[in-house]
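>>> Give me a model of this one.
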Amino acid sequence: MSTQDNKITAPERGSVKVSVVVPTYNCGKYLDESLQSLKQQTLKDIEIIVIDDGSTDDTPAVLDRWAREDYRIKIISTHNNGTSVARNIGIAHARGEYLFFLDSDDKVEPETLEHCYAKAVADNLDVVMFDARLWLEDESGFAEKDLLLKRGDNLVGKVYSGLEILKLQKAQGTYTSVVTRYVTRRSILRELNLNFCPYIIHEDEPFTLQLLICAGRVEHLGVVLYHRRMRPQSIMTTDFGKKNAWGYIEGCRLLKTWLWRSDLDKEAAFLVRRSIGDIISAIVWHVPGIRYNPEWRDVYKIVRKEFCRYLSLVPKVKFLMPRFYDRLRRILRRGVSG
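Next up is the predicted model:
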């Protein structure tokens, strides 16, 4: 860990180019690696806002040590309200021209913020996109798999509107709502009054969709700058449950309300409706036979009442007629194998 010799002290007060928002909950084991990747950024005019969301491990002690080492690190302690609320607190305290979200068990390349900021300023961008590397850990911390999540190779070298790049990525199957893959002009969030839907998981889904639909200038760098850790018992590695479903439902309710209240053109409105269908389809695919599962009856009723019309044909058939869907699949498989 750093010593007094490499302690970063405050210079004369100047402008902040990028605000980094880092929500954390019981990630003391990973914080040193994550914060070290921020300390080593070649862009020095940054602030690092860490929101401790009621951690019960050694996270507070780790953060206190880091705050003494680097003046740019600001610690905000809250009750355990979840990542979405913690991110909103970070947005409210941010002063930077641009905004970046880092998960507290992940890390970034040293040139990440300098590369993104330079491109954003040079091309007057609202949003800068980049790619990620994913590694899966077992209980001992051993990296079982190492995958590159390359989504922007064929998008490099051109400035798009947010709607244009969203349509392209949806068509190519390369779209991700994960906000840690974006650096965003902070003023656009103020103009849109855009925050994360509170008290849910999967809060990225409505946030990123709204951001891109309204962003005027977006560019994809096509380079891997983010390293995402997939660890046991994280949201992304645990089984799909009611918490996941309610996150999708509340996010889609927010999108429906936004759709009704916003003056979107036909193309943008169509994309929002299609995206609602895509998000709700995740519930259909993750919960086989949801119509006949008594434990999921409440979710089934809400999806049927509020979102069924947004589903495309295949997930709609699976949702409303799961037994017919299963029979049809068996018939089609026999036909193919025959």
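>>> all strands of this protein, in order?
18-24, 46-52, 73-77, 98-101, 107-108, 127-137, 143-149, 182-185, 218-230 (DSSP state E).
>>> any idea which of the ones you listed scores lowest on pLDDT?
Here the lowest mean pLDDT among the strands of the chain goes to strand 143-149, at a mean of 58.
>>> is it true that Ile73 touches Trp66?
Yes. The pair Ile73 / Trp66 is scored as a contact, 5.4 Å apart, by C-beta atoms under 8 Å. Yep, even glycine has a C-beta here, placed from its N, CA and C like the rest.
>>> Give the residues shared as contacts by the two.
Taking C-beta atoms under 8 Å, 6 or more residues apart in numbering as the criterion, Ile73 and Trp66 both touch 35, 50.
>>> which residues does the closest residue to Tyr226 other than its chain neighbours contact?
By the measure of C-beta to C-beta, 6 or more residues apart in numbering, the closest residue to Tyr226 outside its immediate chain neighbours is Ala132, 4.0 Å from it. Shown in contact with Ala132 (C-beta under 8 Å, 6+ apart): 148-149, 178, 180-181, 224-228.
>>> As TSV, those with neighbour count and distance to Arg261 would be great.
As requested, those are arranged in TSV below (neighbours: other C-beta atoms under 10 Å; distance: C-beta to C-beta, whole Å):
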residue	neighbour count	distance to Arg261
Leu148	10	39
Leu149	16	34
Val178	16	26
Thr180	17	28
Arg181	22	27
Val224	16	38
Leu225	21	35
Tyr226	24	33
His227	18	38
Arg228	19	34
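>>> As TSV, the residues you listed with distance to Cys252 would be great.
Formatted as TSV, the contacts of Ala132 follow (distance: C-beta to C-beta, whole Å):
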residue	distance to Cys252
Leu148	30
Leu149	24
Val178	17
Thr180	22
Arg181	21
Val224	31
Leu225	30
Tyr226	26
His227	30
Arg228	25
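>>> Quick one: neighbours of Lys29, just the number.
Under the neighbour criterion other C-beta atoms under 10 Å, Lys29 is assigned a count of 14.
>>> residues contacting it?
Neighbours of Lys29 in contact, by C-beta under 8 Å, 6+ apart: 57, 105.
>>> Identify the bridge partners of Ile49.
Under DSSP bridges, the beta-bridge partners of Ile49 are Val21, Lys74.
>>> when you give positions from now on, start the count at 29
I'll keep to 29 as the first residue from here, and by that count the last item is Ile77.
>>> Ile119: which of the contacts of Ala160 is nearest?
Lowest distance from Ile119 to the contacts of Ala160 (C-beta to C-beta) belongs to Thr208, with 14.3 Å.
>>> Scan the helices and strands of the protein for the one with the lowest mean pLDDT.
strand 171-177 (a mean of 58; mean pLDDT, DSSP states H and E).
>>> can you map out the helices along the stretch 129-278 of the chain?
In chain order, the stretch 129-278 of the chain shows helices spanning 140-151, 190-200, 214-220, 232-242, 270-289, with DSSP state H, counting those that start in this stretch as the criterion.
>>> mind checking how far the residue nearest to Tyr254 is from Asp85?
26 Å (C-beta to C-beta, to the nearest Å).
>>> what's the burial count for Gln64?
Around Gln64 sit 13 other residues, with neighbours defined as other C-beta under 10 Å.
>>> Next, the contact list for the residue nearest to the spatial centre of the chain, please.
Compute the mean C-alpha point of the chain, and by C-alpha atoms, centre = their mean the closest residue is Val206, 2.5 Å away. If you count contacts by C-beta under 8 Å, 6+ apart, Val206 has them with 160, 232, 236.
>>> what about 7 Å?
Under the criterion of C-beta atoms under 7 Å, 6 or more residues apart in numbering, the contact partners of Val206 comprise Asp232.
>>> now the one 3 residues further on
By C-beta under 7 Å, 6+ apart, the residues touching Arg209 are 157-158, 160, 254.
>>> one more time with 10 Å
For Arg209, the contact set (C-beta atoms under 10 Å, 6 or more residues apart in numbering) comprises 129, 156-160, 177, 179-180, 232, 236, 248, 253-254, 256.
>>> with the residues you listed in mind, which one is nearest to Glu142?
Nearest to Glu142 among these is Leu253, at 10.4 Å by C-beta to C-beta.
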